[in-house]
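Visitor: build the 3D model from these lines:
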Amino acid sequence: MSKAVLRRGAPIGQGQEPLICAPLVARQLPALATEAAAVAARQPDLIEWRVDFFDAIADLDQVLAGAAAVRAAIGAIPLIFTRRSIREGGEPIALDETQVVAMQQAICASGLVDFLDCELSCAAPHFQASADAARRHGVGLIASFHDFQRTPPAADIVARFHQAAAAGADIAKVAVMPRTLDDVLTLLGATLQGAREVELPLITMSMGPYGVLTRLFGWMFGSSVSFAVGEAASAPGQVPIDDMRRVLDVLHRSLGKGAMSARQ
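Guide: Model prediction:
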């Protein structure tokens, strides 16, 4: 129902839908290593390091040391490196955008991460520089957009998918805030349309309490990855990994193989 996510040309998760990604949000290096080991023990399909939570983000050597510590703790689990900006719900950091790009370039060159998240809302030269570094070093590019205030119209969401594809991304990600259940339907409908129109794997979600619905069955509409809590949440509405797996198991058993034809 969703498209396969590839790491260096090989699919992740052996056809599982959705892939489960757990975030890392520790602020200190020792705590980051501990958190990474604890999350890895829950065996998510991917792990995301939200480096904007990291207190030493302005020290590139410490960022690289953090990435090395995470990699040592999680083994072969694919790792996403994400700096979320304030404008899209991230933490305040002591870096300007030029320094962020330099950090992203260095992390891609390190060989420690598998995917780089870049926001579509950043300045075009900054996005291009980070995207070029990802391609140069074989790192998958996630082009993302987040709106913590509202749910845009479906046409605007679908346009973001096309924008990500035009930018050369490997994955398109959109996260929005629902105010009503109608907003949840808007996100799911846009995901279904985008999955039919765009070749890229999609990651979509509504956030907050209503958004839990999209995290649990958004994969049926074409979202390839759902974010779940390993140790601590990075966004509102994330469900603990164990709870998500229980619900997904019920959905998979109940839907059976007839769900694909129904979706088409």
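
Visitor: can you show me the helices along the chain?
Guide: Per DSSP state H, the chain carries helices over the ranges 29-40, 60-74, 97-110, 124-136, 154-166, 181-197, 208-217, 241-255, 258-263.

Visitor: ok and the second one relative to helix 97-110, angle-wise?
Guide: Spelled out, that is helix 60-74. Helix 60-74 runs at 40 degrees relative to helix 97-110, counting by axes from the mean of the first three to the mean of the last three C-alpha atoms, to 10 degrees.

Visitor: let me know the average pLDDT across helix 60-74.
Guide: Average pLDDT, helix 60-74: 98.

Visitor: got a list of contacts for it?
Guide: Contact with helix 60-74 is made by 24, 29, 32-33, 36-37, 39-40, 47, 49, 51, 54, 56-57, 79, 81, 102-103, 106-107, 110, 112-113, as judged by C-beta atoms under 8 Å, 6 or more residues apart in numbering. C-betas here are computed from N, CA, C, even on glycine.

Visitor: report the buried members of those.
Guide: Neighbour-count burial (16 or more other C-beta atoms under 10 Å) applied to these gives 24, 29, 32-33, 36-37, 39-40, 47, 49, 51, 54, 56-57, 79, 81, 102-103, 107, 110, 112-113.

Visitor: give me the distance between the closest residue to Ser110 other than its chain neighbours and Leu202.
Guide: Leaving aside its chain neighbours, Ser110 sits nearest to Leu64 (5.8 Å; criterion: C-beta to C-beta, 6 or more residues apart in numbering). Relative to Leu202, Leu64 is positioned 31 Å away (criterion: C-beta to C-beta, to the nearest Å).

Visitor: the two: which has the busier surroundings?
Guide: Leu202 (27 against 16; other C-beta atoms under 10 Å).

Visitor: so the more buried one touches Gln193, yeah?
Guide: No - between Leu202 and Gln193 there is no contact under C-beta atoms under 8 Å: 10.3 Å.

Visitor: any idea of the pLDDT on the residue nearest to Phe53 when sequence neighbours are not counted?
Guide: Leaving aside its sequence neighbours, Phe53 sits nearest to Val25 (C-beta to C-beta, 6+ apart; 4.4 Å). Predicted confidence (pLDDT) for Val25: 95.
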